[in-house]
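J.: Pasting a predicted model and its sequence here:
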Amino acid sequence: MVLSALKFDCLVVGAGLGGIAAARKLVEAGVSVCILEKSRGIGGRLATRRLDGESFDHGAQFFTTRKKSFEKEVEQWIANGIAQSWFEESGHVRYRGVGAMNSMAKQLAAGLDVRREQKVDSIRFANGVWTVRSEKDSFECERLLLATPAPQAVALLESGEETFGADFLDTLKTIEYEKCISLMLLLESELNLSDSGLIKGEPGEPIATITETSIKGTTGRPGIVIQSGSEFAEKYFGEPADSISTALLGALPFQDKLKVVDMFLQKWRFAKRKEHGLSAAFLKSENEPLWHAGDGYVAARVEGAYLSGIKVANSIIESFRKAGELA
C-alpha cells in the first residue's frame, strides 16, 4: 500500500532542545512544521526517568547561561514556571527544570506538532521537495532540518542511493561525541554529601558527577545519580548493565553506606561533543535546502543546543523570504 505523504513547509528530525527551539521559532514566523522523533519521549538529553514513583534526571543535570540572549530566555522560562535556579557556583547560577529536566522540554514543545516513535528510514530530494519516510508514515517538505547528533545525521544521509553535498557530510563527520553512563539509585537514607546536591570531579574517573536528587529537589525520597567519566564509558559501554553498575559502585568511597531500594542504568552514546574547530552555530548545505543544528556547534551544553536551534530557524526563515514564500 502506498502511503499518502503528509505535507509541511519544514520537517525537523529530532526532538531535542535544538529541534524544539527551532520549531517554535519557525511556527512563530508562520511556517508549518512537524518534528519527527524516533523515541517515545522528547527532550534528548533533557531526560528524566521514574523509579518507584520518583523522578531522576539521567541526562543533563542542570544548565547555565553565558550569552545575554539565552539569559533573557531563561528569565522568561522562570517567569512561566518552566525553569528555576538550583544553586550558584563560580559566579554562574545552575538552573534546572521545574519538577525535572524533561518537564522543561515538554513545556517548551507544548503546541508543536511532534510525532513520536517516528524513526526515519530514508530521505530523498527531488524537484525541490524532500520525501522523508519513517517506519510508519511518509512526509514531504520544502526545507529539512536534521537536529540529531551528527553521527546519526551522517548515517541517515548515507543510508540511501542519493548523494548529498560532500562538504556538508565532511563537516558533519568532524563532530564527534564522548560517551557517558548514568546510574540512578533510589536509597533508603540520605547521604548528605554536599550542601548543593552536586559533586563534580570527585573522586574522578570513573565518576564525573554525583547528584543527590532530594537535595536537588527532583525526588521526595533519598537518591543519587552517578554519571561516569568518558574514559570509563568508552571502556564499559558494551558491557552488561550489572557489570557496569558493579564497577561504578565499586569506585564510590561511600559504597558501604548505600542502602539501595531500586536502580536503573542508562547509556548515552552521544553525551557531550568533543572540541572541534567549527565556529558556526549550525550547518547549511550549499546544494539542497538542508540544515543541521544542535549542541554540536555553539557550545556543548544546553545553552548551545538552544542557541543553535534559534539561529538555524532564522536561516530557514530567511530562505523562505528570499524565495518569496514568506512575508
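T.: That came through fine.
J.: could you measure S245 against G223, distance?
T.: Per C-beta to C-beta, to the nearest Å, S245 is found 15 Å from G223. The C-beta positions use only the backbone N, C-alpha and C, and glycine is treated the same way.
J.: Comparing these two, which residue is more hemmed in?
T.: Comparing S245 with G223 by other C-beta atoms under 10 Å, the one with more neighbours is G223, at 28 against 19.
J.: Quick check: bridge partners of the more buried one?
T.: G223 has these beta-bridge partners by DSSP bridges: L186.
J.: Check the one 4 residues further on too.
T.: Going by DSSP bridges, Q227 is paired in beta bridges with S182, T209.
J.: For it, give me its contacts.
T.: Taking C-beta atoms under 8 Å, 6 or more residues apart in numbering as the criterion, Q227 is in contact with Q61, C180, I181, S182, L183, I207, A208, T209, I210, T211.
J.: got those residues as CSV, with pLDDT, distance to F237 and neighbour count columns?
T.: As requested, these are arranged in CSV below (pLDDT from 0 to 100; distance: C-beta to C-beta, whole Å; neighbours: other C-beta atoms under 10 Å):
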residue, pLDDT, distance to F237, neighbour count
Q61, 97, 20, 22
C180, 98, 9, 25
I181, 98, 7, 28
S182, 99, 12, 27
L183, 98, 14, 23
I207, 95, 16, 21
A208, 96, 15, 24
T209, 96, 18, 18
I210, 97, 20, 23
T211, 97, 21, 28
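J.: got the buried residues for the one helix or strand W130 maps to?
T.: Assigned by DSSP states H and E, W130 falls within strand 129-134. Residues of strand 129-134 classed as buried by neighbour count (16 or more other C-beta atoms under 10 Å): W130, V132, R133, S134.
J.: those helices in this protein, which residues are they?
T.: With DSSP state H applied, the chain shows helices at 17-28, 68-79, 101-108, 150-157, 166-172, 213-216, 230-236, 241-250, 302-322, listed in chain order.
J.: What is the distance between the last one and the centre of its chain?
T.: Going back to what we said before, that points to helix 302-322. Its chain's C-alpha centre and that of helix 302-322 lie 16 Å apart, by C-alpha atoms, centre = their mean, to the nearest Å.
J.: likewise the third one?
T.: Counting by C-alpha atoms, centre = their mean, helix 101-108 is centred 11 Å from the centre of its parent chain.
J.: Determine the set of other helices and strands touching that helix.
T.: Under the contact criterion of 3 or more C-beta pairs under 8 Å, 6 or more residues apart in numbering; DSSP states H and E, helix 101-108 touches helix 17-28, strand 48-51, strand 92-97.
J.: Sheet-wise, list the partners of the shortest one with their directions.
T.: For strand 48-51, the paired strands and their directions (DSSP bridges) read strand 54-57 (antiparallel).
J.: quick one: average pLDDT of the partner strand?
T.: Per-residue pLDDT over strand 54-57 has a mean of 98.
J.: Quick one: residues in contact with that strand.
T.: When contacts are defined by C-beta under 8 Å, 6+ apart, strand 54-57 is touched by residues 47-50, 96-97, 99-102, 184, 186, 211, 213, 216, 218-221, 223, 225, 264.
J.: Report the buried residues of stretch 178-191.
T.: Within stretch 178-191, the residues that count as buried by 16+ other C-beta under 10 Å are E178, K179, C180, I181, S182, L183, M184, L185, L186, L187, L191.
J.: cool, and stretch 114-128?
T.: Going by 16+ other C-beta under 10 Å, stretch 114-128 has these buried residues: V114, R115, Q118, V120, I123, F125.
J.: Pull the residues that contact it.
T.: 13, 15, 34-42, 130-137, 142, 144, 156-157, 159-160, 162, 164, 288, 290.
J.: ok, now stretch 295-304?
T.: Stretch 295-304 has contacts (C-beta under 8 Å, 6+ apart) with 16-18, 46, 60, 63-67, 70, 149-150, 175, 177, 272-273, 278, 280-283, 305, 307-308, 311.
J.: for the contacts of Q227, which one is nearest Q84?
T.: Checking these against Q84 with C-beta to C-beta, the nearest one is Q61 at 13.9 Å.
J.: wouldn't that closest one be in contact with T213 here?
T.: No - using C-beta atoms under 8 Å, Q61 is not in contact with T213; the gap is 9.7 Å.
J.: got any residues that touch both of these two?
T.: Counting by C-beta under 8 Å, 6+ apart, the common neighbours of Q61 and T213 are V225.
J.: remind me which residues of the stretch 51-200 of the chain are low pLDDT?
T.: For the stretch 51-200 of the chain, not a single residue meets the criterion pLDDT under 70.
J.: one more time with 90, if that's ok
T.: Within the stretch 51-200 of the chain, the ranges that satisfy pLDDT under 90 run 89-91, 135, 159-166, 200.
J.: And for the residue most central in space within the chain, nearest residue in space, chain neighbours not counted?
T.: When C-alpha atoms, centre = their mean is applied to the chain, the residue found nearest the centroid is G44 (3.2 Å). Leaving aside its chain neighbours, G44 sits nearest to G16 (2.8 Å; criterion: C-beta to C-beta, 6 or more residues apart in numbering).
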